[in-house]
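S.K.: Give me a 3D structure for the following:
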Amino acid sequence: MNSNVLKNKRVLVVGMGMSGIAAMDAALKMGAKVHIQDSKTTEQLDEALLKKLNESAVKAWLGETPKDMGAYDMLILSPGVPVDLPFIIDAKAGGAEIIGELELAYRIGNGQYVAITGTNGKTTTTTLVGEIYKAAGKETYVVGNIGTPVIQGSMQASKDGWLVTEVSSFQLETTDEFRPEVSAILNLTPDHLNRHKTMENYGKAKARIFYRQSADQYCIINYDDPLCYALAEDCPATVVPFSRKVELPFGAFVKDGQIVIRDEKGQEAQICGAEELLIPGSHNLENALAAAAVSYFGGISPEVIGETMKSFAGVEHRIENVGEYGGVRFVNDSKGTNPDAAIKAIEAMKENIILIAGGYDKASDFTEFVQAFPGRVKKLVLLGTTAEAIKQTAEREGFTNTVICPDMEACVAEAVREAVPGDVVLLSPACASWDMYKSYEQRGEHFKTCVRQLHP
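M.R.: Predicted coordinates:
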């Protein structure tokens with residue numbers, strides 16, 4: 001652990017979410033002179049956090065920005081904070097270093113990193129890899145965008161520990177020295193364009209995952225996704241492709257119904273049967289292939305990988321079976337926060353679908369989302385900021401069985417009215433949750449509460 005990185009440095013932590021609070025605690029512990037900034041005012045901030053700030057005597061800029069941005073040596077940004085805010089640009093011009101909590105964790109903590117990114121599938125793949133590493137007896141911390149701040153794990157880990165880390169494009173934007181032993185890019189489809197503006201910028205942010213890697217390290221990347229695989233051209237690590245469609249001379253693929261890994265010498269290791277996976281859908285086969293490759297090239301035996309994959313039942317809020325009432329199945333896919341993720345959920349369903357969608361506007365195009373409806377979705381129930389935009393897109397594509405509801409209770413009630421035995425009611429919003437909820441988890445829990453109330 002490098003305790004001198006922050007000693008006596010003047011640090012501003014921007015954003016008081018989970019990662020910001022963890023960064024503040026670490027910076028104080030390391031002897032930095034810490035201020036914090038958040039767009040929320042004192043009245044809007046959580047009481048427990050206010051108490052913590054008062055006890056630590058940290059200068060807090062709440063609902064305002066510091067007057068003198070030249071007063072800081074370093075800004076530590078939370079993932080949700082855009083790097084192009086005027087006060088951040090001023091700080092950079094004044095000589096301050098701009099990093100994020102992921103970069104800070106890498107610099108001051110312990111452990112070796114497995115880092116997983118992509119538009120979709122990150123949480124499922126990260127969770128599965130974490131389970132594989134634990135099953136192999138490794139000291140394992142599953143951290144990052146998945147819910148536990150990276151810095152929390154890195155401060156607990158020994159030098160032999162493994163931090164299996166879900167990383168977002170927002171987190172990667174503020175990395176510099178970050179260098180995982182194994183990285184993975186699962187896929188690349190339009191998302192967060194309100195922040196990144198273009199797909200090229202979005203791809204560049206994702207590609208920072210391998211920016212500092214070397215040839216003796218590995219980058220696992222989706223061979224079937226042309227946009228994603230094109231990023232490999234600039235990768236300094238050993239690129240390991242995975243494919244569910246073709247047999248590869250090197251990498252992870254499906255052969256005769258088996259998940260197989262072929263190493264640099266051409267030797268094959270059988271992992272498990274594709275049909276033995278408990279997680280449904282072709283996208284989850286891709287996630288499993290990536291997880292197998294990450295683990296295998298991270299030094300885990302094929303036997304441990306296979307046994308863990310065969311028992312893995314998935315993650316909460318991602319194609320999660322909530323229950324069956326009156327012959328109608330209810331599925332919570334609140335983690336489907338962009339159109340491509342929602343398409344994958346739709347494709348994974350075997351029944352006719354009453355689809356609940358809509359939420360925060362990330363400047364997504366919903367055309368391909370609606371084009372996945374024919375033969376699958378019989379009714380579209382919408383809520384949130386994007387409801388009208390999705391409705392208009394649906395009508396333009398010839399889908400008219402649509403209704404807009406004010407809240408989740410009304411959406412579930414409408415879906416139940418429409419459903420007949422044998423149907424599935426699927427919450428897969430194709431949008432983030434921030435217009436109505438604090439997180440996709442809170443949205444998913446609300447959906448599950450509404451479903452449970454059907455049978456008190």
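
S.K.: What are the phi and psi values at the residue nearest the centre of the chain?
M.R.: Nearest to the mean C-alpha position of the chain, by CA atoms, centre = their mean, lies residue 122 at 4.9 Å. Residue 122 adopts backbone torsions of phi -60, psi -50, taken as degrees, to the nearest 10.

S.K.: Find the nearest non-adjacent residue to it, please.
M.R.: residue 166 (4.8 Å; CB to CB, 6 or more residues apart in numbering). (Each C-beta comes from the backbone N, C-alpha and C, glycine too.)

S.K.: and the one you found, backbone torsions?
M.R.: Per degrees, to the nearest 10, the backbone of residue 166 is at phi -80, psi 120.

S.K.: which residues touch it?
M.R.: 116, 117, 122, 123, 126, 142, 143, 144, 145, 146 (CB atoms under 8 Å, 6 or more residues apart in numbering).

S.K.: who's it bridged to?
M.R.: Beta-bridge pairing of residue 166 under DSSP bridges involves residue 116, residue 144.

S.K.: what's the helix or strand harbouring residue 132 packed up against?
M.R.: Assigned by DSSP states H and E, residue 132 belongs to helix 122-135. Helix 122-135 is packed against strand 112-117, strand 140-144, strand 162-166, helix 282-297, helix 302-311, with contacts defined by 3 or more CB pairs under 8 Å, 6 or more residues apart in numbering; DSSP states H and E.

S.K.: among these, which is the most enclosed?
M.R.: Mean neighbour count (mean count of other CB atoms under 10 Å) peaks for strand 162-166 among those, with a mean of 30.

S.K.: Tell me the bridge partners for residue 330.
M.R.: residue 323, residue 425.

S.K.: distance of it from residue 251?
M.R.: According to CB to CB, to the nearest Å, residue 330 stands 38 Å off from residue 251.

S.K.: do the same with residue 270
M.R.: Counting by CB to CB - residue 270 and residue 251 are separated by 14 Å.

S.K.: Neighbour count: these two, which is higher?
M.R.: residue 251 (22 against 14; other CB atoms under 10 Å).

S.K.: partners of the more buried one in the sheet?
M.R.: With DSSP bridges as the rule, residue 251 is bridged to residue 262.

S.K.: Can you check the pLDDT for it?
M.R.: Per-residue pLDDT puts residue 251 at 98.

S.K.: what does residue 195 give?
M.R.: 58.

S.K.: one step back: let me know the pLDDT of the residue nearest to residue 122.
M.R.: Value listed for residue 166 in the pLDDT field: 96.

S.K.: Please tell me the pLDDT value assigned to the residue lying closest to residue 156 once chain neighbours are set aside.
M.R.: In space, and not counting its chain neighbours, residue 156 is closest to residue 141: 6.7 Å by CB to CB, 6+ apart. We note a pLDDT of 98 for residue 141 in this prediction.

S.K.: check contacts around residue 141.
M.R.: 111, 148, 153, 154, 156, 157, 161, 162, 163, 164.

S.K.: and the least confident of the residues you listed?
M.R.: residue 148 (91).

S.K.: Checking it next. Helix, strand or coil?
M.R.: coil (DSSP: H, G, I helix; E, B strand; the rest coil).

S.K.: Kindly report the same for residue 316.
M.R.: Assignment for residue 316 (three-state DSSP): coil.

S.K.: what's the spacing between it and residue 419?
M.R.: For residue 316, the distance to residue 419 - CB to CB - is 23 Å.

S.K.: Looking at the two, which is more packed in?
M.R.: Between residue 316 and residue 419, counted using other CB under 10 Å, residue 419 has the larger neighbour count: 23 against 14.

S.K.: hang on, that one packs against residue 425?
M.R.: Yes - look at residue 419 against residue 425 with CB atoms under 8 Å: they come within range, at 5.8 Å.

S.K.: Mutual contacts of these two, please.
M.R.: In contact with both residue 419 and residue 425: 328, 354, using CB under 8 Å, 6+ apart.

S.K.: Do you know the pLDDT at the closest residue to residue 255 other than its chain neighbours?
M.R.: Nearest residue to residue 255, sequence neighbours excluded (CB to CB, 6+ apart): residue 247, at 5.6 Å. As predicted, residue 247 sits at a pLDDT of 97.

S.K.: To which secondary structure element type does residue 247 belong?
M.R.: With three-state DSSP as the criterion, residue 247 reads coil.

S.K.: what's it in contact with, if anything?
M.R.: Here residue 247 is in contact with 253, 254, 255 (CB under 8 Å, 6+ apart).

S.K.: Quick check: residue 325 touching residue 454?
M.R.: Yes - the criterion here is CB under 8 Å, and residue 325 meets it with residue 454 at 4.8 Å.

S.K.: Could you list the low-pLDDT ranges of the chain?
M.R.: 1-3, 190-197, 456 (pLDDT under 70).

S.K.: go with 80
M.R.: For the chain, applying pLDDT under 80 flags the ranges 1-4, 57, 190-197, 199, 455-456.

S.K.: what's the domain layout of it?
M.R.: Under the assignment automatic domain parsing, the domains of the chain span 10-100, 109-311, 320-452.

S.K.: Output the ones you listed in JSON lines; the columns should cover distance to residue 4.
M.R.: Shown next, in JSON lines, are the domains of the chain (distance: least, CB to CB, whole Å):
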{"stretch": "domain 10-100", "distance to residue 4": "8"}
{"stretch": "domain 109-311", "distance to residue 4": "14"}
{"stretch": "domain 320-452", "distance to residue 4": "36"}
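
S.K.: Tell me if residue 219 really is in a strand.
M.R.: Yes - counting by three-state DSSP, residue 219 is located in a strand.

S.K.: Quick check, it in contact with residue 185.
M.R.: Yes - under the criterion of CB under 8 Å, residue 219 is in contact with residue 185, at a separation of 7.2 Å.

S.K.: Would you mind measuring from residue 290 to residue 353?
M.R.: 27 Å.

S.K.: what does residue 323 give?
M.R.: Counting by CB to CB - residue 323 and residue 353 are separated by 16 Å.

S.K.: again with residue 74
M.R.: 49 Å.

S.K.: who's more crowded, these two?
M.R.: residue 353 (24 against 19).

S.K.: residue contacts, that one?
M.R.: Contacts of residue 353 (CB under 8 Å, 6+ apart): 346, 376, 377, 378, 423, 424, 425, 426.

S.K.: give me phi/psi at it?
M.R.: phi -120, psi 130.

S.K.: who's it bridged to?
M.R.: Bridge pairing for residue 353 - DSSP bridges - gives residue 377, residue 424.

S.K.: Quick check: residue 386 touching residue 365?
M.R.: No - if you go by CB under 8 Å, residue 386 and residue 365 don't touch, sitting 11.1 Å apart.

S.K.: Nice, that's everything, thank you.
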